[in-house]
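Q: Return a 3D structure for these sequence lines:
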Amino acid sequence: MARVAGRSLRGRWGTPAPEGRKRPDRCRIIARRSSSTCYPSARLRTPTMPKSREPSVPSRAPQRLTSQDFDQDLLVLFDAYVHGAMDRRAFLRRAERFAKAGMSAAGLLAALSPDFALGQQVRPDDGRLKTESVTLPAPAGHGSMRGYLARPAAAAGARLPAVLVVHENRGLSPHIEDIARRLALDGFMALAPDALTPAGGYPGDEDTARTAFARLDQAKTREDFLAAAGWLRARVDASGKLGAVGFCWGGGIVHWLATRMPELAAAVPFYGDSPRPEEAANVKAPLLVHLAAFDERINSAWPAYEAALKAAGARVETHRYPGTQHGFNNDTTPRYDAGAAQLAWGRTVAFLRRHLA
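A: Below you'll find the predicted structure:
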């Protein structure tokens, strides 16, 4: 098991690479923030051709990097960095031991970071949708909150089931806006609020966003989302049935909303922090919980909370996806697992349709 700065990586930030886990192939990685791609060295060899002939080599799209291209201990380290356990400088220093020829620690960080173009499934100008920026009151929070609202264009003024979409700990990124559009194409009215509203909104840079997020008054931020949920449910073009979907930090907010909103009709947290077990008795909404396989930071607290939910008579359905990392549904990073994400998302949409109909 790897050790960093004299301490084990086991525990709060996850487990070491399991025995038998396939290690990354030797690759030449083009590490740019705008592209997470890997070119096996064999593909970079140019065949020897007679000078009289023009080489005709068909173009080949670069392979998308996956978690299998990285050491598990590096993924644990990256998870700690993303969630504020260390700053960028500390991550780069500790990641040096994973650097290889042609790939620096900074290159590894760039390769692991989001590439929003990779994860765009629905264009912002998709004619099937009506999208807009909204501002809603949040008197018990920061006063007001901005958000991104998406509806199917064909619905016109019809009253639709509503879904609150709660982002990760970086604010309303392009990826979360895309999630809202996906839900709108599935027939829901989706609102994705921005917790970074009091800091000026999502800044367009993940590191800056993470720093700004850490400075938020978290109690007020939770109240902002509670206000957003109530505002969405009360809209005249909403059916009155409200669900919530959240990812990472947002998954924790969805769990929290379920303890505060008896009117919440469906709650879907993806790998989110669990509330205290004594709060389980307040949960009235059915829960669909998605967990990653390698995510001890989240998974260690789940069994006690799940037991408390069941003891309180709550309806809870839990799925843990083999071989996956925290963030497996986020298709902008190498931690994305296409098979698990598609299965989890299909379950999510079916669950929301069942409980919000």
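
Q: How about P286: what's its closest non-neighbour residue?
A: Among residues not flanking P286 along the chain, R315 sits closest, at 4.1 Å (C-beta to C-beta, 6 or more residues apart in numbering). C-beta here means a position set from N, CA and C on the backbone, and glycine is covered the same way.

Q: quick one, phi/psi of R335?
A: phi -70, psi -10 (degrees, to the nearest 10).

Q: now it: how far from F70?
A: Distance of R335 to F70, computed by C-beta to C-beta, to the nearest Å: 9 Å.

Q: So between those two, which is more surrounded?
A: The residue with more neighbours, out of R335 and F70, is R335; 25 against 22, by other C-beta atoms under 10 Å.

Q: who's in contact with the more buried one?
A: Counting by C-beta atoms under 8 Å, 6 or more residues apart in numbering, R335 makes contact with 67, 75, 112, 325-328.

Q: The helix or strand A111 falls within: what's the following helix or strand?
A: Under the criterion of DSSP states H and E, A111 resides in helix 105-112. Counting by DSSP H and E, the next helix or strand C-terminal to helix 105-112 is strand 129-138.

Q: The next helix or strand after that next one: partners in the sheet, and parallel or antiparallel?
A: Later in the chain than strand 129-138, the nearest helix or strand by DSSP H and E is strand 143-152. Note on strand 143-152: by DSSP bridges, its sheet partners are strand 129-138 (antiparallel), strand 189-193 (antiparallel).

Q: residue boundaries of the strands in the stretch 201-350 of the chain?
A: Taking DSSP state E, counting those that start in this stretch, the strands of the stretch 201-350 of the chain run over residues 238-247, 266-270, 287-294, 316-325.

Q: how about JSON lines for those, with mean neighbour count, mean pLDDT and distance to G147 added?
A: Supplementary listing: the strands of the stretch 201-350 of the chain in JSON lines, determined by neighbours: other C-beta atoms under 10 Å; pLDDT from 0 to 100; distance: least, C-beta to C-beta, whole Å:
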{"stretch": "strand 238-247", "mean neighbour count": "24", "mean pLDDT": "98", "distance to G147": "13"}
{"stretch": "strand 266-270", "mean neighbour count": "28", "mean pLDDT": "98", "distance to G147": "18"}
{"stretch": "strand 287-294", "mean neighbour count": "23", "mean pLDDT": "98", "distance to G147": "23"}
{"stretch": "strand 316-325", "mean neighbour count": "17", "mean pLDDT": "98", "distance to G147": "28"}
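
Q: how about those strands in JSON lines, adding distance to L136?
A: Output for those, formatted as JSON lines (distance: least, C-beta to C-beta, whole Å):
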{"stretch": "strand 238-247", "distance to L136": "13"}
{"stretch": "strand 266-270", "distance to L136": "20"}
{"stretch": "strand 287-294", "distance to L136": "25"}
{"stretch": "strand 316-325", "distance to L136": "30"}
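
Q: if I pick I179, what's in contact with it?
A: Neighbour list for I179: 165, 190, 192, 245, 247 [criterion: C-beta under 8 Å, 6+ apart].

Q: right, I mislabeled it, should have said Q121
A: Contacts of Q121 by C-beta under 8 Å, 6+ apart are 178, 181-182, 331.

Q: 7 Å - rerun?
A: Residues in contact with Q121 (C-beta atoms under 7 Å, 6 or more residues apart in numbering) are 178, 182.

Q: Relative to A312, how far out is it?
A: 37 Å.

Q: Distance of the residue nearest to P286 relative to A267?
A: Note on R315: its distance to A267, by C-beta to C-beta, is 10 Å.

Q: what sits in contact with each of those two?
A: Residues touching both R315 and A267 by C-beta under 7 Å, 6+ apart: L287.

Q: what's the neighbour count on the closest residue to L264 other than its chain neighbours?
A: Leaving aside its sequence neighbours, L264 sits nearest to A285 (C-beta to C-beta, 6+ apart; 4.1 Å). Applying other C-beta under 10 Å, we find 24 residues neighbouring A285.
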